[in-house]
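Participant: the following comprises the amino acid sequence and a computationally predicted model.
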Amino acid sequence: MRIDIITVLPEMIEGFFNCSILKRAQNKELAEIYIHNLRDYTEDKYRRVDDYPFGGFAGMVMKIEP
């Protein structure tokens, strides 16, 4: 089984897949887990993936571009 995960913080979740039941599944070749960094697909020089909401409310929203 192939599992692809797209995330903004790949370093944060790598530990879960390298020292748990999922690691044993990878060693037995039952699962393939690929972690993709969303920031690798951005086009601006700051590698931003979020933007301010248009309505002026608090918080952040994901950009469409990446």
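Facilitator: Done, it's in. Remember, it's a predicted structure, so these values are computed and weren't measured experimentally.

Participant: pLDDT weak spots in this structure?
Facilitator: Along the chain, segments meeting pLDDT under 70 span 66.

Participant: which other residues reach the longest helix along it?
Facilitator: In the chain, with assignment by DSSP state H, the single longest helix is helix 10-18. Outside helix 10-18, the residues that touch it by CB atoms under 8 Å, 6 or more residues apart in numbering are Ile5, Thr7, Leu22, Lys23, Gln26, Ile33, Ile35, His36, Asn37. Glycine gets a C-beta too; all of them are placed from N, C-alpha and C.

Participant: for Glu29, see how far away the closest residue to Glu32 other than its chain neighbours is.
Facilitator: Leaving aside its chain neighbours, Glu32 sits nearest to Arg2 (4.7 Å; criterion: CB to CB, 6 or more residues apart in numbering). From Arg2 across to Glu29, the span is 11 Å (CB to CB, to the nearest Å).

Participant: what does Lys63 give?
Facilitator: Counting by CB to CB, the gap from Lys63 to Glu29 is 36 Å.

Participant: looking at these two, which is more packed in?
Facilitator: Of the pair Lys63 and Glu29, Lys63 is the one with more neighbours under other CB atoms under 10 Å, namely 14 against 7.

Participant: buried sites along stretch 35-45?
Facilitator: Within stretch 35-45, the residues scored as buried using 16 or more other CB atoms under 10 Å are Leu38.

Participant: from the opening residue of it to its closing one, how far?
Facilitator: Separation of the first and last residues of stretch 35-45 by CA to CA, to the nearest Å is 22 Å.

Participant: can you list the residues that contact it?
Facilitator: With contacts defined as CB under 8 Å, 6+ apart, stretch 35-45 is touched by 4-8, 10, 13-14, 17, 47-49, 63, 65-66.

Participant: for stretch 51-66, same thing?
Facilitator: By CB under 8 Å, 6+ apart, the list of residues contacting stretch 51-66 from outside reads Leu38, Arg39, Tyr41, Thr42, Glu43, Arg48, Val49, Asp50.

Participant: try it again at 7 Å.
Facilitator: Under the contact criterion CB atoms under 7 Å, 6 or more residues apart in numbering, stretch 51-66 has outside partners Leu38, Tyr41, Thr42, Glu43, Arg48, Val49, Asp50.
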